[in-house]
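[1] Here you go, sequence then predicted model.
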Amino acid sequence: MDLNKLRYFTEICKEGSLSATAERLFLSRQSLSQMLKAMESELGLQLFLREKNGLVPTEAGRALLRGAGRILSAWDETESDLAAIRASGQKRIRAGFGRWSFNLWPFDQAERFHAFHSDLSLEAVSMLPDLLWQKLRDGSMDMIVTSVFPKDDASVRAFLLCKTPFVCMLGRGHPLASRRTITLQDFDGQTIYEYDGVSAYNQELRGYFSRQGIHAAYKAFPSTEISTLFLTVKENQGVWPCSSFYASLNFDPDHIAFIPIAFPPETNPPTKDIYAVVKTERSKDKDLLKYIDFLKKNHA
């Protein structure tokens with residue numbers, strides 16, 4: 001039994017809901033449902049009953065939860081012991097990720113990186129953007145991974161890791177929801193939702209639409225919680241041009257659609273670029289460059 005499956009299983013037990021678990025872990029509801037079915041098939045036992053108040057573990061589910069707790073606790077302790085042994089003779093790289101960009105890389109990226117560079121240990125965590133920059137500047141992080149950085153700040157250097165393609169998120173009841181692709185002109189006259197309304201990315205997208213003669217109304221989401229993003233689009237006639245990453249989180253495919261956007265390449269459309277950012281004085285650090293190269297080659 002895969003340890004990740006046991007971790008996800010215990011989270012489902014805590015939440016009592018696939019949708020709530022998927023949202024908290026930044027996974028799609030469909031992928032969690034498929035994992036659960038695979039576990040039940042592997043074990044030959046039903047693990048949950050679907051009651052009015054959510055998912056309730058069966059007798060087999062409760063037994064698995066007790067065993068999973070012991071297994072995961074023992075493994076976490078073992079991992080800590082091994083990490084301490086590795087760290088005693090290794091250089092450590094501390095990397096901070098934005099909340100959603102963290103999910104563009106494998107769950108076990110630290111172990112994969114160590115497999116290629118046994119002399120280095122990796123500590124990778126996700127946190128809020130403001131905290132990322134604070135920790136980079138005070139030296140408690142060696143590197144941060146983010147989609148937004150001050151391009152005129154000479155104290156830092158950014159390395160492009162990947163470009164994530166755009167898709168259009170909209171409710172199934174929207175007139176454009178039956179399209180195979182969304183064109184540039186389709187945005188004319190639309191209400192376009194924005195993640196926060198003030199980020200450099202949103203300003204760049206607004207500028208692009210303006211240069212192409214697209215007239216639209218812009219509206220910021222009430223909050224940046226994933227569930228709020230989905231609910232807002234579902235219940236309104238607006239559209240949201242966003243990173244394809246969000247399509248993998250679609251826990252309501254019956255009511256939410258993600259459609260590829262066909263921006264004309266000659267118009268130099270904006271992209272959701274993900275960068276590794278380090279202090280300028282460390283931009284030639286060989287160990288950091290090894291990790292940056294790993295990130296470039298192993299993103300989703």
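    Cool, got the structure.
[2] so where's the chain shaky on pLDDT?
    Where the chain drops to pLDDT under 70, the residues are 1, 26, 83-90, 149-150, 196-200, 300.
[3] Domain parsing of it, as residue ranges.
    Following automatic domain parsing, one gets these domains for the chain: 3-82, 91-162+276-298, 166-270.
[4] Give me the phi and psi for the closest residue to Ile182 other than its chain neighbours.
    Nearest residue to Ile182 in three dimensions, chain neighbours excluded: Cys168, at 4.4 Å (C-beta to C-beta, 6 or more residues apart in numbering). Yep, even glycine has a C-beta here, placed from its N, CA and C like the rest. For Cys168, the backbone dihedrals are phi -110, psi 120 (criterion: degrees, to the nearest 10).
[5] Please apply the same query to Val145.
    Main-chain dihedrals, Val145, degrees, to the nearest 10: phi -120, psi 120.
[6] quick one: it and Phe97 touch, right?
    Yes - Val145 is within contact range of Phe97, at 4.6 Å (criterion: C-beta atoms under 8 Å).
[7] Dump the domains of the chain to JSON lines, plus mean neighbour count.
    Shown next, in JSON lines, are the domains of the chain (neighbours: other C-beta atoms under 10 Å):
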{"stretch": "domain 3-82", "mean neighbour count": "15"}
{"stretch": "domain 91-162+276-298", "mean neighbour count": "16"}
{"stretch": "domain 166-270", "mean neighbour count": "16"}
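[8] the strands in this structure, which residues?
    With strands called from DSSP state E, the chain shows them at 48-51, 54-57, 91-97, 120-126, 143-146, 156-164, 166-171, 182-183, 191-194, 217-220, 239-243, 256-262, 272-279.
[9] who does the shortest one pair up with?
    Taking DSSP bridges as the criterion, strand 182-183 forms sheet pairs with strand 256-262 (parallel).
[10] So what's the gap between the strand it pairs with and the chain middle?
    18 Å (C-alpha atoms, centre = their mean, to the nearest Å).
[11] Using CSV, write out every CA atom in it.
    This file holds the C-alpha atoms of strand 256-262, laid out as CSV (Å, rounded to 0.1, in the frame of the first residue of the first chain):
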residue,chain,number,x,y,z
ILE,A,256,-17.5,24.2,-14.0
ALA,A,257,-15.7,24.0,-17.4
PHE,A,258,-12.1,24.7,-18.3
ILE,A,259,-11.6,25.5,-22.0
PRO,A,260,-8.2,26.1,-23.7
ILE,A,261,-7.6,29.7,-24.8
ALA,A,262,-6.2,30.2,-28.3
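[12] what angle sits between that strand and strand 239-243?
    70 degrees (axes from the mean of the first three to the mean of the last three C-alpha atoms, to 10 degrees).
[13] Stretch 229-240: end-to-end distance?
    9 Å (C-alpha to C-alpha, to the nearest Å).
[14] same question, stretch 48-67
    For stretch 48-67, the separation between the terminal residues is 16 Å (C-alpha to C-alpha).
[15] now stretch 12-28
    Taking C-alpha to C-alpha, stretch 12-28 runs 13 Å from one end to the other.
[16] who's in contact with the residue nearest to Ile182?
    176, 182, 239-242, 258-261 (C-beta atoms under 8 Å, 6 or more residues apart in numbering).
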